[in-house]
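> Only the shape, not the letters, is given here:
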């Protein structure tokens with residue numbers, strides 16, 4: 001759908017430029033944007049390499065493992081039906097830590113692995129190999145929905161990507177976004193947790209009453 005949307009916008013823009021005699025402006029804008037895109041990619045590559053490298057060092061030093069243990073009570077609170085010691089816990093923890101540091105790109109692989117493990121857990125429940133509530137095939141589990149919503153709300157202490165963008169485009173104080181970013185993502189994350197708990201309780205009540 002997005003492909004059609006972008007293609008339509010480009011075609012409309014070119015046609016409008018042709019009728020208004022602004023085709024040279026379209027060409028110049030395309031060239032300038034291409035140059036700017038390359039510069040932005042180089043900037044982001046350096047920033048992400050730095051932070052992903054720090055994450056790897058933290059992992060090798062055992063910091064991630066220590067944080068994972070410290071976050072177990074939080075994980076149990078957010079995912080009460082997730083079995084203790086399940087592989088998804090590690091990936092969820094790494095994803096949350098990366099998101100808190102503003103490393104959205106670094107959080108993506110861990111998020112995909114967490115979803116895969118949660119999918120395996122749901123399949124195990126349907127086959128009777130794992131305890132927990134069973135849903136029909138093709139319906140996301142409570143854990144999968146909770147993880148997705150928390151990943152989208154994404155509490156961030158250091159919005160690295162936004163700081164890099166602001167620096168690239170000449171902001172006088174790129175890090176000024178840190179305070180508002182913490183406030184906004186804290187509110188969104190709190191709203192996400194409340195929503196997940198309310199909906200999770202509603203789902204449990206429906207199952208107990210025999211509804212699906």
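Received it, and whenever you're ready, just let me know what you need. Small disclaimer: the values here were computed from a predicted structure and weren't measured. Numbering: from 1, shown residues only.
> The lengthiest helix in the chain: what's the following helix or strand?
Taking DSSP state H as the assignment, the helix of the chain that covers the most residues is helix 23-60. Where DSSP states H and E defines the elements, the next helix or strand beyond helix 23-60 is helix 63-70.
> Could you list the buried residues of whichever helix or strand comes after that next one?
Later in the chain than helix 63-70, the nearest helix or strand by DSSP H and E is helix 72-78. For helix 72-78, a neighbour-count test (16 or more other C-beta atoms under 10 Å) marks 75, 78 as buried. C-beta here means a position set from N, CA and C on the backbone, and glycine is covered the same way.
> quick one: average confidence on helix 72-78?
What helix 72-78 shows for mean pLDDT is 84.
> Which elements pack onto it?
helix 87-100 (3 or more C-beta pairs under 8 Å, 6 or more residues apart in numbering; DSSP states H and E).
> now do 10 Å
With contacts taken as 3 or more C-beta pairs under 10 Å, 6 or more residues apart in numbering; DSSP states H and E, helix 72-78 sits against helix 87-100, helix 142-153, helix 178-208.
> how distant is it from the center of its chain?
The chain centre lies 19 Å from the centre of helix 72-78; the measure is C-alpha atoms, centre = their mean, to the nearest Å.
> Same question for stretch 89-103.
9 Å.
> low pLDDT regions in this protein?
1, 105, 125-138, 200-212 (pLDDT under 70).
> how near is the residue most central in space within it to residue 74?
Nearest to the mean C-alpha position of the chain, counting by C-alpha atoms, centre = their mean, stands residue 151 at 4.3 Å. Residue 151 sits at a distance of 15 Å from residue 74 (criterion: C-beta to C-beta, to the nearest Å).
> and if you look at residue 187?
Distance from residue 187 to residue 74, counting by C-beta to C-beta: 18 Å.
> Ok, which of the helices and strands packed on helix 72-78 comes nearest residue 10?
Among those, helix 142-153 comes nearest to residue 10, with 28.6 Å by C-beta to C-beta.
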